[in-house]
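Participant: build me a structure from this.
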Amino acid sequence: MSRPLNTPEAIRDAGLLSEEAAAALAPVADRYAIAVTPFLVDRIDRSDPNDPIARMFVPRPEELVRTPEELADPIGDAAHTPVPGIVHRYPDRVLLKPVAVCPVYCRFCFRREMVGPGVGETLSPSELDTAFDYIRIQSGVREVILTGGDPFMLSPARVKVLTQTIAAIPHVEVIRWHTRMPVADPARVTSEFVKALKADGKAVYVSIHINHVKELSPETKAAAARLAEAGFPLVSQSVLLRGVNDHVETLAELMQALVAARIQPYYLHHPDLAPGTGHFRVSVEEGRAIYSALRDRVSGLALPHYVIDIPGGVSKANAAPSDVVDTPDGQALRGRDGKLHPYKG
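Facilitator: Predicted structure coming up:
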């Protein structure tokens, strides 16, 4: 398989940066990992200065601008890490991070200080054993979520070992894999890989990170179909990003296309306070207005949960505005017509 473009010079040579722009990105490359797969490079429209794929994956000088509210660990992974590779934030589920590398590096990543070559490393066999031992003694844990990094970077053989080891823990009922691979390099989602995800007697979900309908290529749909037809429920995670999907029409097109591809929209994340990502962030007020418009436009099947991760790792907060409104005359319900309708209940 072709190697990803992982330097400004390589991205320049692909026709995505000028000589001057590539030179100006040297400090960004020194600080944050860069990788764009050839598959995604081929999907970028060089004639469109606002191409959404380029905006998500091609580095920019603005990444060196850090504001006071930004945090190296914006959702508090470290505070909830009892052993390497485990994040235990909620009583009934844990994150397991077996790898710290990805096929692509999103320029808005909330773990950008923790992932990439030389920054984070794949867990050693002894560290994995310790992580599994931790899950085994936590009898309240019913769901293990594999993330990273991107766990689909692992070989089918290693995925099978991970899956079977987790599946052998009696109190674990659900295994969930979080990945960008069907978008970034769908050819890697082979039949052999799909088979390695199977766990008899356990529910195995795959969550695909996708933010724009342009990422939902025919090849990505085919990779999703291989997973769906093998019996895996598919859900999506998206991030609300300025300049990518911060219009209701764009989000509605994406969510409806996901449903048609048998991918259930699950989360729409408000962008986290990761370093150097201010140029991607919308305000909470903007996000709530976009989400309200989305709710009026798509069916419930195509409507994700709009959430904000509370800095420090407390939990997610529901960011969706309520349609139940208190008025001087009692409660009223906001309708799709934008009007308040009195409700006596």
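
Participant: make it CA atoms for all contacts and neighbour counts henceforth
Facilitator: OK.

Participant: need the contact list for the residue sitting nearest the centre point of the chain.
Facilitator: Residue closest to the mean C-alpha point of the chain, counted by CA atoms, centre = their mean, is residue 209 at 4.0 Å. Applying CA atoms under 8 Å, 6 or more residues apart in numbering, we find residue 209 in contact with 178, 179, 180, 183, 236, 237, 238.

Participant: run a quick neighbour tally on the residue nearest to residue 149 when sequence neighbours are not counted.
Facilitator: Leaving aside its sequence neighbours, residue 149 sits nearest to residue 100 (CA to CA, 6 or more residues apart in numbering; 4.0 Å). By other CA atoms under 10 Å, 23 other residues sit near residue 100.

Participant: before we move on, what about residue 260?
Facilitator: Residue 260 has 12 neighbouring residues, counting by other CA under 10 Å.

Participant: ramachandran angles for it?
Facilitator: phi -60, psi -30 (degrees, to the nearest 10).

Participant: just residue 95 next, same as before
Facilitator: According to degrees, to the nearest 10, residue 95 has phi -90, psi 140.

Participant: repeat for residue 159
Facilitator: phi -60, psi -40.

Participant: could you count how many residues lie near it?
Facilitator: The number of residues near residue 159, taken as other CA under 10 Å, comes to 20.

Participant: contact partners for it?
Facilitator: By CA under 8 Å, 6+ apart, the neighbours of residue 159 are 152, 193, 196, 197.

Participant: output the residues you listed as CSV; include the columns neighbour count and distance to residue 245.
Facilitator: Listed next are those as CSV, based on neighbours: other CA atoms under 10 Å; distance: CA to CA, whole Å:
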residue, neighbour count, distance to residue 245
152, 25, 25
193, 19, 31
196, 19, 34
197, 24, 31
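
Participant: in helices only, show me these.
Facilitator: 193, 196 (DSSP state H).

Participant: ok, the contacts of residue 159 vs residue 115, which is closest?
Facilitator: residue 152 (14.6 Å; CA to CA).

Participant: pretty sure that closest one contacts residue 183?
Facilitator: No - Residue 152 is beyond contact range of residue 183, at 11.6 Å (criterion: CA atoms under 8 Å).

Participant: and residue 338, how many neighbours?
Facilitator: Counted with other CA under 10 Å, residues neighbouring residue 338 total 10.

Participant: how about residue 182, nearest residue that isn't a chain neighbour?
Facilitator: Leaving aside its sequence neighbours, residue 182 sits nearest to residue 220 (CA to CA, 6+ apart; 5.2 Å).

Participant: by contact count, what packs against the helix or strand hosting that neighbour?
Facilitator: Here residue 220 sits within helix 218-229, counting by DSSP states H and E. Packed against helix 218-229 by the contact rule (3 or more CA pairs under 8 Å, 6 or more residues apart in numbering; DSSP states H and E) you find helix 181-184, helix 191-196, strand 234-239.

Participant: I'd like the ones you listed laid out as CSV, including distance to residue 310.
Facilitator: Conversion of those to CSV gives the following (distance: least, CA to CA, whole Å):
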stretch, distance to residue 310
helix 181-184, 27
helix 191-196, 34
strand 234-239, 15
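
Participant: closest to residue 327 out of the ones you listed?
Facilitator: Nearest to residue 327, of all these, is strand 234-239, at 33.2 Å by CA to CA.

Participant: can you list the strands that the closest one pairs with?
Facilitator: Strand pairing for strand 234-239, using DSSP bridges, gives strand 203-209 (parallel), strand 264-269 (parallel).

Participant: residue 320: which of those is closest?
Facilitator: strand 264-269 (10.2 Å).

Participant: what does the helix or strand just after that closest one rub up against?
Facilitator: Per DSSP H and E, strand 264-269 leads on to helix 284-297 as the next helix or strand towards the C-terminus. Contacting residues not belonging to helix 284-297 are listed as 240, 246-248, 251-252, 270, 303, 306, 319-321, 336 [CA under 8 Å, 6+ apart].

Participant: so of those residues, which ones are in helices?
Facilitator: Using DSSP H, the contacts of helix 284-297 in helices are 248, 251, 252.

Participant: quick check, nearest of these to residue 160?
Facilitator: Nearest to residue 160, judged by CA to CA, of the ones in helices among the contacts of helix 284-297 is residue 251 at 34.8 Å.

Participant: the closest one and residue 241, how far apart?
Facilitator: 10 Å (CA to CA, to the nearest Å).

Participant: circling back: near the residue nearest to the residue nearest to the centre of the chain when sequence neighbours are not counted, how many other residues are there?
Facilitator: Distances taken as CA to CA, 6+ apart put residue 237 closest to residue 209, at 4.7 Å, once the chain neighbours are dropped. By other CA under 10 Å, the residues close to residue 237 number 20.

Participant: fine by me, we can end here.
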